[in-house]
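Peer 1: show me how the following folds:
(4 chains)
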Protein chains: 2
Amino acid sequence: MTAAANQSGRRPTASRRLERAGIRDVAAAAGVSITTVSDALNGKGRLPDETRSRVREVAERLGYRPSAAARTLRTGRSGLIGLTVTTYGEEPFTFTEFAYFAEMARAATSAALSRGYALVVLPASSRHDVWSNIALDGTVVIDPPDQDPLVSELYRSGVPVVSDGKPGNCPVTAWVDNDHEAAVLGILDHLSEAGARRIGLLTGTSTDTYTRLSTDAYLGWCHRVGQEPVYEAYPAHDPAAGALAADRLLARPDRPDAVYGLFDPNGTDLLAAARRYGLRVPDDLLLVCCSESDVYAGTEPPITTLSLKPRRIGTTVVNLLIDAIEGVEPGGGPDSGRLFPPRFRTAGTGPPPGTLMPTELIVRSSSERRSPRTTVSPPRPPGEV
Amino acid sequence: MTAAANQSGRRPTASRRLERAGIRDVAAAAGVSITTVSDALNGKGRLPDETRSRVREVAERLGYRPSAAARTLRTGRSGLIGLTVTTYGEEPFTFTEFAYFAEMARAATSAALSRGYALVVLPASSRHDVWSNIALDGTVVIDPPDQDPLVSELYRSGVPVVSDGKPGNCPVTAWVDNDHEAAVLGILDHLSEAGARRIGLLTGTSTDTYTRLSTDAYLGWCHRVGQEPVYEAYPAHDPAAGALAADRLLARPDRPDAVYGLFDPNGTDLLAAARRYGLRVPDDLLLVCCSESDVYAGTEPPITTLSLKPRRIGTTVVNLLIDAIEGVEPGGGPDSGRLFPPRFRTAGTGPPPGTLMPTELIVRSSSERRSPRTTVSPPRPPGEV
DNA sequence: GATTGCTGAAGATACGTTTCTCTGTGTGCC
DNA sequence: GGCACACAGAGAAACGTATCTTCAGCAATC
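Peer 2: Below you'll find the model as predicted:
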């Protein structure tokens, strides 16, 4: 054994045949020190270009890949971001939120990757055995319930947390949400303009922010315009309950002539209920529901939907989170770009910064009354798309 | 400074105020060694229950969370599984595969979590900077192209790789795929039974296994039953091209009276094209397409779809991968449960084990002709209603 | 001629675990 | 009384990197 082979301090075992090349092997092959290899590959230190490129060439030749685990241990950065959503059942995300979540997750994944991070999908169950097994630089939480112990612990242990959905009592680094109040008011106005006289609401029994804000906006609007509220609430995670609630709503003696459903499957359920009661849509009943699914472009009739623009939300949430991780003050103020260590931010300096994002109403025939039915639009000529 | 405080060998700095509690702190607080703490918390070693529970209680009190990075570095296991799919654009997964991918990823995530692993979604781009920054125990690859350099490198470096879709020339640990040949033959038979005389195919130009197997099955069937093949191929990643190809197919002089479309949006496109040419579905044209979307339950008429059962695939793929990671021989043979080190498996002992999974044909009105046809409607020229 | 400053790079330490090896004890057995 | 043996636990060596500190050499300055 040569002195050079031993200078690394590595145990001189002969069983290293199949192992991956480490930084030590690169150093030995290039005739430099470990420090120099690390500096050369990471673009740090003061090295002449010649040394740098030589080391890089040797590393390439040996097929050297730095150990992510070792780097994470040393630097405290894993490049991993958690994405979690409250689960009602055994699935990592709920069926009713599926389209929203899928789109949002897709955008979040893209946004993270483009900044060099990767996304890990995790269950919101507070089982530590899976969470604590993963080194996360930060976490995105979708719709955290009030006083979520998981979020609290993450935040307390210094991991930045950004939530999709305004958090109730959770301390978070930042949050992003739709302007649900404006969205509901916009829909109610839209329905009124289409001729609705009594607008009903299909809402949920849970106390999450989305349900609460939307319902409150509806009640406030009713109060202002002097309409008696007409709504049915059901546990949103139960699809069967949704169909029943839709039926109940249309079976009421004070049956509404327009309905907004807060959850994705409401449109289909309301349509089916309307059919049962012989109500024509939109002639007898105007319909809008909140959904990201394109199913409603193909129903008979097509149903107006409110899109929460999950892609925009996902992108924004991830970028806010990475800003916090990297210690960049996002605001874009005068000292934008200034670095500050996130985990040393003093707690309790007021509420966390929140961002409200607009929604989009996709108007289809279910909410457009052919008002004065003067003409029936003629069948379209073929070839027109 | 007491001797006890220094016995851990830790530098006796006073700046440890805000740091997380480490295993050393637990050991000191419990009055035992680091070894004992590790053993107590991991259920290893030989410790009396009293010691074990005392250590656990102290750890709990200090809010101790083991460092995932350190554990990964030491054990070589991260508990992380990569999930990747070929990207055609900037998105981590393609639009045409969206529903399939979303369902598959959801099932894969569930399956992984239930076995204590978490899933990381990664792009198939061979950019090392993101892949090599993450310690992966294994990877699921969806539809690897022939001789994918990414897959090759992963496999070479000892990371188990299981592919969704039979791999072309990639060395993989195992693979799972649908029985595409059986699926296509089943559809062709189904259409024949519904009265189809000339069945067309809407297929893709790419050379991936799915497209190739399906097309070959179609061609073989045509050859057997003596029908002249009628098909149009287009680049599957381009939605606009799909609509054009659907149009081309129905504009042919030898227009088919039934069509199977290999890709998700084909159903909608074919329906639109049929409408343009004044073809009634299913009376003049029988329609089936491969899709996971429930849109086709609501179209007019509802369209028969072939489901690849992505959930089943996702679950199977992940379980196979974790079996390989943990060194469990899956087959359930006589020595099932026997351990073998996966990365020492000799290469070249024949093709990797593959699993074929059945598909499901969801029959809707678009492929059910209401009555035995007595008259044959003559082909109409385009534009005529 | 001594001090300073810069360059290029090596040495050593720490990150926080897991695990292999080893050491004292009491205890049963011949 | 001596031996082996199971028990409870301690010590210390990795795992592979990043980085802080040091150091030799050399040129320029005072």
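Peer 1: CA atoms for contacts and neighbours, from now on please.
Peer 2: Will do.
Peer 1: please list the residues of chain A that sit near DNA strand C.
Peer 2: Chain A has residues A:7, A:31-36, A:45-48, A:51, A:70, A:73-74 near DNA strand C, with proximity defined as Cα under 7 Å from any atom of the strand.
Peer 1: pick out the most distant pair among those.
Peer 2: Distances among these were taken as Cα to Cα; the most separated pair is A:48 and A:73, at 28.8 Å.
Peer 1: is it true that residue A:144 touches residue A:163?
Peer 2: Yes: applying Cα atoms under 8 Å as the test, residue A:144 and residue A:163 come out as touching, 7.1 Å apart.
Peer 1: so residue A:247 sits against residue A:270, correct?
Peer 2: Yes: contact status for residue A:247 versus residue A:270: in contact at 7.2 Å, counting by Cα under 8 Å.
Peer 1: neighbour count for these two, which is higher?
Peer 2: Between residue A:247 and residue A:270, counted using other Cα atoms under 10 Å in any protein chain shown, the more crowded position is residue A:270 (28 against 20).
Peer 1: and that one, how close does it get to residue A:245?
Peer 2: 9 Å (Cα to Cα, to the nearest Å).
Peer 1: ok, the one helix or strand residue A:289 maps to: who's next to it in the sheet?
Peer 2: Assessed by DSSP states H and E, residue A:289 sits inside strand A:286-290. According to DSSP bridges, strand A:286-290 forms sheet pairs with strand A:258-261 (parallel), strand A:304-307 (parallel).
Peer 1: measure the residue nearest to residue A:53 when sequence neighbours are not counted to chain B for me?
Peer 2: Nearest residue to residue A:53, sequence neighbours excluded (Cα to Cα, 6 or more residues apart in numbering or on different chains): residue A:40, at 7.6 Å. Going from residue A:40 to chain B by Cα to the nearest Cα, to the nearest Å gives 15 Å.
Peer 1: could you find the closest non-adjacent residue to residue A:119?
Peer 2: Residue A:119 sits nearest to residue A:81 (Cα to Cα, 6+ apart), 4.9 Å away.
Peer 1: and if you look at residue A:151?
Peer 2: The nearest residue in space to residue A:151 (Cα to Cα, 6+ apart) is residue A:170, at 6.6 Å.
Peer 1: give me the number of residues near the one you found?
Peer 2: 21.
Peer 1: what helix or strand is it located in?
Peer 2: Residue A:170 belongs to no helix or strand, assigned by DSSP H and E.
Peer 1: and for residue A:369?
Peer 2: Using DSSP H and E, no helix or strand contains residue A:369.
Peer 1: for the closest residue to DNA strand C within the stretch 51-200 of chain A, give me the pLDDT.
Peer 2: Distance from DNA strand C to each residue of the stretch 51-200 of chain A (Cα to the nearest atom of the strand) is smallest for residue A:74, at 3.7 Å. On pLDDT, residue A:74 comes in at 96.
Peer 1: make sure it is indeed in a helix.
Peer 2: Yes: counting by DSSP: H, G, I helix; E, B strand; the rest coil, residue A:74 is found in a helix.
Peer 1: residue A:102 versus that one, what's the distance?
Peer 2: 34 Å.
Peer 1: show me which of the two is the more surrounded one.
Peer 2: Neighbours per residue (other Cα under 10 Å) separate residue A:74 from residue A:102, with residue A:102 holding more: 22 against 12.
Peer 1: quick one: contacts for residue A:111?
Peer 2: A:314-315, A:318-319 (Cα atoms under 8 Å, 6 or more residues apart in numbering or on different chains).
Peer 1: nearest to residue B:359 among those?
Peer 2: residue A:314 (33.0 Å).
Peer 1: host element of that closest one?
Peer 2: Per DSSP H and E: helix A:310-325 holds residue A:314.
Peer 1: about what we covered before: tally of neighbours for the residue nearest to residue A:53?
Peer 2: 21.
Peer 1: run the chain-centre distance for stretch A:186-198.
Peer 2: 30 Å (Cα atoms, centre = their mean, to the nearest Å).
Peer 1: buried sites along that stretch?
Peer 2: A:187-188, A:190-192, A:194-196, A:198 (16 or more other Cα atoms under 10 Å in any protein chain shown).
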